[in-house]
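1. heads up, no residue letters with this:
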């Protein structure tokens, strides 16, 4: 009986050492985040810039080719089936594309060892106009001392922009480095 009481008391303390760090990072509060958060978010920023600017060499450098991309389009009329692509497909040049901007805000970052996750709402703009919003979910892995995007999931929700918009444009990241024009 005493062992059961001790186990009941000790279990929450034992588990507390096993829980991952969960951080919601406001743009002005990165200095208060965990030691890896800034580096992880910089990797996400650079990956977003590479995708929007069609910089395939940077996309490849920042990702794991064996990774997977899952995409779901959600509208008021309903949801499409989840599409699956390989990260290698995403990072393969597909001709000269029109640059676009895909900025995110209020990222939630979880880190444990050399694994991390980033979950954030985002907005995609093309030629200065909002095309859709959604949620980005990045799985990152540290390889050779550098964070890389291992897997990516995102929703494309043209009807959700008002619902998930940021408190201000200043909260969006990355702010600079886009080839697309028409940024706020």
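-> Received the coordinates, thanks. All figures in this text were calculated on a predicted structure; none of them were measured in a lab.

2. what stretches of this protein score poorly on pLDDT?
-> For the chain, residues meeting the criterion pLDDT under 70 lie at 1-33, 94-96, 181-184.

3. grab the longest strand from this protein for me.
-> Identified as the longest strand of the chain according to DSSP state E is strand 129-143.

4. what helices and strands are in contact with that one?
-> In terms of contacts (3 or more C-beta pairs under 8 Å, 6 or more residues apart in numbering; DSSP states H and E), strand 129-143 is packed against helix 37-52, strand 115-126, strand 146-156, helix 161-164. For glycine as for every other residue, the C-beta is placed from the backbone atoms N, C-alpha and C.

5. just the buried positions in the shortest one, please.
-> Within helix 161-164, the residues that qualify as buried are 161, 164, counting by 16 or more other C-beta atoms under 10 Å.

6. check the second one too.
-> Judged by neighbour count (16+ other C-beta under 10 Å), strand 115-126 contains these buried residues: 116-126.

7. if we can go back for a sec, looking at the helices and strands packed on strand 129-143, spot the one closest to residue 64.
-> Among the helices and strands packed on strand 129-143, the nearest to residue 64 by C-beta to C-beta is strand 146-156 (4.6 Å).

8. quick one: contacts of that closest one?
-> Residues outside strand 146-156 that contact it (C-beta atoms under 8 Å, 6 or more residues apart in numbering): 36, 39-40, 43-44, 47, 62-64, 67-74, 87, 90, 116, 122, 124, 132, 134-142.

9. and if we set it to 7 Å?
-> 39-40, 43, 47, 62-64, 67-74, 116, 132, 134-141 (C-beta atoms under 7 Å, 6 or more residues apart in numbering).

10. can you flag the buried ones in those residues?
-> 40, 43, 47, 62-64, 67-69, 71-74, 116, 132, 134-141.

11. residue 133: what's it in contact with?
-> Contacts of residue 133 (C-beta under 7 Å, 6+ apart): 121-123, 157, 160-161, 164.

12. what's the helix or strand for residue 35?
-> Using DSSP states H and E, residue 35 falls within no helix or strand.

13. need the contact list for it.
-> Contact analysis of residue 35 by C-beta under 7 Å, 6+ apart lists nothing.

14. where does it fall, phi/psi-wise?
-> With angles defined as degrees, to the nearest 10, residue 35 sits at phi -60, psi -30.

15. separation between it and residue 119?
-> Distance, residue 35 to residue 119, by C-beta to C-beta, to the nearest Å: 20 Å.

16. one more: residue 152?
-> As judged by C-beta to C-beta, residue 152 and residue 119 stand 11 Å apart.

17. ok, now residue 43?
-> Counting by C-beta to C-beta, the gap from residue 43 to residue 119 is 15 Å.

18. likewise for residue 168?
-> For residue 168, the distance to residue 119 - C-beta to C-beta - is 20 Å.

19. try residue 113
-> Taking C-beta to C-beta, one finds residue 113 at 18 Å from residue 119.
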